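>>> how would this look folded up:
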Amino acid sequence: MKSEIKIGIIGLGGRGYGLLHTILNIEGIVVKAVCDNYEDRQERAVKFVEEKAGNTPLSTSDYKDILAMDEVEAVIVSSSWADHIHIAIDAMKAGKYVGVEVGGAYSIDECWELIRAYEETGVPCMMLENCCYGRKELMVLNMVKKGIMGEIVHCEGGYRHDLRDEIVHGRENRHYRLINYMNRNCDNYPTHQLGPIAKILNVNRGNRMLSLVSMASKARGLNEFIKKSEGEDYDLADYQFAQGDVVTTIIKCAHGETITLTMDTSLPRFYSRGFVVQGTKGMYQEDNHSIFLDELHGTEDEFSWKKNWNNADELREEYDHPIWKNYNPDENAGHGGMDDLVLSAFFDSVRRNVIPPIDVYDMAAWMCITALSEQSISMGGAPVAIPDFTNGRWINREPGHEGYFSLDKVE
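Residues are numbered from 1 along each chain as shown. Here you go, the predicted model:
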C-alpha cells in the first residue's frame with residue numbers, strides 16, 4: 001500500500017482553498033500542482049503549500065497541465081458546478097483517480113458520459129459528499145443497518161441554508177451561484193442529504209430511484225435582500241430571478257420508499273439539512289435531534305415529545321458509528337470533521353487501489369436530480385423518470401468498498 005500520494009487540486013475558490021487546508025493536514029498527501037483561472041488564487045494556494053508543506057507546487061490556469069504530470073496520481077476537482085463532470089472525465093481518461101466536489105448536473109447526457117468514461121477506462125471517480133460522513137448521518141445509518149428502526153419507509157432532507165449574501169455578491173466574489181440563480185430553476189444542490197439517504201436505502205445496491213416530481217415557489221427572497229442591503233437602484237434589485245426560493249422534490253424508489261428533498265437558500269432561515277428517517281420501528285429527526293423508538297417510547301410520548309428533544313445523544317454510546325467512536329476532529333478537519341473523513345476515504349481508496357465508498361454510479365444518480373428537477377419544474381411538476389445508470393446491475397450489486405470507510409455496511 002502506498003505511503004505517499006501525489007495530487008493536484010483543480011479549483012481554488014472558497015471551497016477549494018478550504019479543502020487545501022484540510023488536505024495538508026492529512027498524513028502522506030503531497031500537493032504537487034494547483035490550478036485556477038485566477039492568478040491571485042493560484043498564488044495564494046502556492047504560498048500556503050510552501051508554508052505548510054515546504055514544497056512549491058506547479059501553478060497553472062489549465063487543468064490539463066496537471067493531468068499531463070506523470071507523478072500526479074489523483075486530482076481533487078473543486079471548480080464551478082458546470083466544470084465538474086467534464087474535468088472528471090478528462091481525469092479518468094488521463095488515468096488519475098478523481099475526487100469531485102458536490103453540485104448538480106446540467107444534463108442527463110453528461111451523467112451518461114461520466115458513466116461511459118469510467119466503464120471505458122476503469123479509473124475510479126468519487127463524489128466528495130462530506131455529509132455522508134456526518135456524525136448524525138452515520139449514527140442513523142448504523143441503526144438502520146442493525147435493524148433498530150425496522151423497515152425504512154420514508155426519508156427527508158435538503159439544503160436549507162441562507163446564502164443570500166453569497167449569491168447576490170457573486171460578481172464581486174467571483175462565485176458561480178449568482179448566474180445559476182439568474183438563469184435556472186431547479187434543485188441545484190441536492191446531494192448533501194440525498195447522499196446519506198441513498199446509502200440508507202441501498203440505492204444502486206439492491207434498490208434504485210425510479211422517478212421524481214419537483215415544484216418551485218416564486219422567487220422573491222433575493223430581491224428583498226438586494227433592496228435592503230444594496231438599495232433600490234442596484235442593477236439586480238428588480239431582476240426576475242429564475243430560481244424559486246423553495247424547491248420541493250419527491251422521489252419514488254423501486255421498493256416503495258419515498259424521499260422528499262427541499263432546497264431553501266434565498267430566504268432568511270436557520271441552517272438545517274432537515275434529515276428525517278422513518279421506519280416501521282422508529283424515526284430520527286434532525287431539527288430537534290431526536291430519536292423515537294417504539295420499544296422505548298410508545299404512544300404515551302406522542303403528544304409530549306418536546307421534553308425528549310435532543311435525546312439522540314443519549315443513544316450515541318450504543319449506536320455511534322464505528323468511524324466516529326474514536327474520532328476527535330481538530331479545527332482544521334473542515335465542517336466538524338466531515339471534510340477530513342471524506343477526503344481520507346478518497347485517499348484510502350487511492351492507496352489501496354480500490355473502488356471508493358461513493359462510486360461513479362452514486363455520483364451520476366445523485367447529480368442527475370438537478371437536471372431532472374429542472375425538467376419537472378418546467379412542466380408544472382410533471383413526473384420524470386430517473387435513469388438507471390447501472391443498466392440493471394443495481395439488483396444484484398454487492399458493496400464495492402470494503403473496510404473502515406465503507407458506507408454500504410458497518411464493520
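>>> contacts and neighbour counts: CA atoms only from here.
Will do.
>>> what helix or strand is Glu331 on?
Using DSSP states H and E, Glu331 is not contained in any helix or strand.
>>> same question for Met263.
Assigned by DSSP H and E, Met263 belongs to strand 258-264.
>>> packing partners of that strand?
If you count contacts as 3 or more C-alpha pairs under 8 Å, 6 or more residues apart in numbering; DSSP states H and E, strand 258-264 packs onto strand 152-160, strand 246-253.
>>> tell me the helix or strand right after it.
Following strand 258-264 toward the C-terminus (DSSP H and E): strand 276-279.
>>> the helices in the stretch 101-250 of the chain, which residues?
Using DSSP state H, counting those that start in this stretch, the helices found in the stretch 101-250 of the chain span residues 108-121, 135-145, 164-168, 170-173, 177-183, 191-200, 221-229.
>>> and the contacts of the longest one?
Okay, so that is helix 108-121. 85-86, 88-89, 92-93, 95, 105, 124-125, 360-361, 364, 367-368, 371-372, 389 (C-alpha atoms under 8 Å, 6 or more residues apart in numbering).
>>> just the buried ones from those, in PyMOL syntax?
To isolate the buried ones among these in PyMOL, judged by 16 or more other C-alpha atoms under 10 Å, type:
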select buried, resi 85+88+89+92+93+95+105+124+125+360+361+364+367+368+371+372+389
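>>> picking that back up, among the helices of the stretch 101-250 of the chain, which is nearest Leu293?
helix 135-145 (11.1 Å; C-alpha to C-alpha).
>>> circling back to that earlier point, can you add mean pLDDT and distance to Asn142 and give the helices and strands packed on strand 258-264 back as a markdown table?
Listed next are the helices and strands packed on strand 258-264 as a markdown table, based on pLDDT from 0 to 100; distance: least, C-alpha to C-alpha, whole Å:
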| stretch | mean pLDDT | distance to Asn142 |
| --- | --- | --- |
| strand 152-160 | 97 | 13 |
| strand 246-253 | 98 | 21 |
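>>> what's the closest non-adjacent residue to Ser211?
Once flanking residues are discounted, Ser211 sits nearest to Ala385: 4.3 Å by C-alpha to C-alpha, 6 or more residues apart in numbering.
>>> surely that neighbour touches Ser214?
No - the pair Ala385 / Ser214 is not scored as a contact, 12.0 Å apart, by C-alpha atoms under 8 Å.
>>> okay, these two: which has more neighbours?
Ser214 (28 against 15; other C-alpha atoms under 10 Å).
>>> for that one, which non-adjacent residue is spatially closest?
The spatial neighbour of Ser214 that comes closest, neighbours along the chain excluded (C-alpha to C-alpha, 6+ apart), is Thr249 at 4.2 Å.
>>> ok, back up a step: could the helices and strands packed on strand 258-264 be laid out in a markdown table, adding distance to Leu343 and mean neighbour count?
Below are those laid out as a markdown table (distance: least, C-alpha to C-alpha, whole Å; neighbours: other C-alpha atoms under 10 Å):
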| stretch | distance to Leu343 | mean neighbour count |
| --- | --- | --- |
| strand 152-160 | 21 | 22 |
| strand 246-253 | 29 | 21 |
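>>> mind putting those strands into CSV with distance to Asp238?
Output for these, formatted as CSV (distance: least, C-alpha to C-alpha, whole Å):
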stretch, distance to Asp238
strand 152-160, 24
strand 246-253, 19
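>>> nearest residue to the most centrally placed residue in the chain in space, ignoring adjacent ones along the chain?
Centroid-nearest residue in the chain: Glu129, 3.3 Å away (criterion: C-alpha atoms, centre = their mean). Of all residues not flanking Glu129 in the chain, Val102 sits nearest, at 6.0 Å (C-alpha to C-alpha, 6+ apart).
>>> tell me if I'm right that the one you found and Met127 touch.
Yes - using C-alpha under 8 Å, Val102 makes contact with Met127 at a distance of 6.5 Å.
>>> more neighbours: which of these two?
Met127 (29 against 23).
>>> in contact with the closest residue to the more buried one other than its chain neighbours, which residues?
Nearest residue to Met127, sequence neighbours excluded (C-alpha to C-alpha, 6+ apart): Val100, at 4.8 Å. Neighbouring residues of Val100 by C-alpha under 8 Å, 6+ apart: Ile76, Val77, Ser78, His84, Ala88, Cys125, Met126, Met127, Leu128.
>>> then His175?
Gly13, Glu166, Ile167, His169 are the contacts of His175 under C-alpha under 8 Å, 6+ apart.
>>> deepest in the core, which of the helices of the stretch 101-250 of the chain is it.
Sort the helices of the stretch 101-250 of the chain by mean neighbour count, taking mean count of other C-alpha atoms under 10 Å, and helix 191-200 sits at the top with a mean of 25.
>>> and that one, what does it pack onto?
Identification of packing neighbours for helix 191-200 by 3+ C-alpha pairs under 8 Å, 6+ apart yields helix 135-145, strand 152-160, helix 360-378.
>>> and the ones you listed as a markdown table, adding distance to Asn353?
Formatted as a markdown table, the helices and strands packed on helix 191-200 follow (distance: least, C-alpha to C-alpha, whole Å):
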| stretch | distance to Asn353 |
| --- | --- |
| helix 135-145 | 24 |
| strand 152-160 | 32 |
| helix 360-378 | 15 |
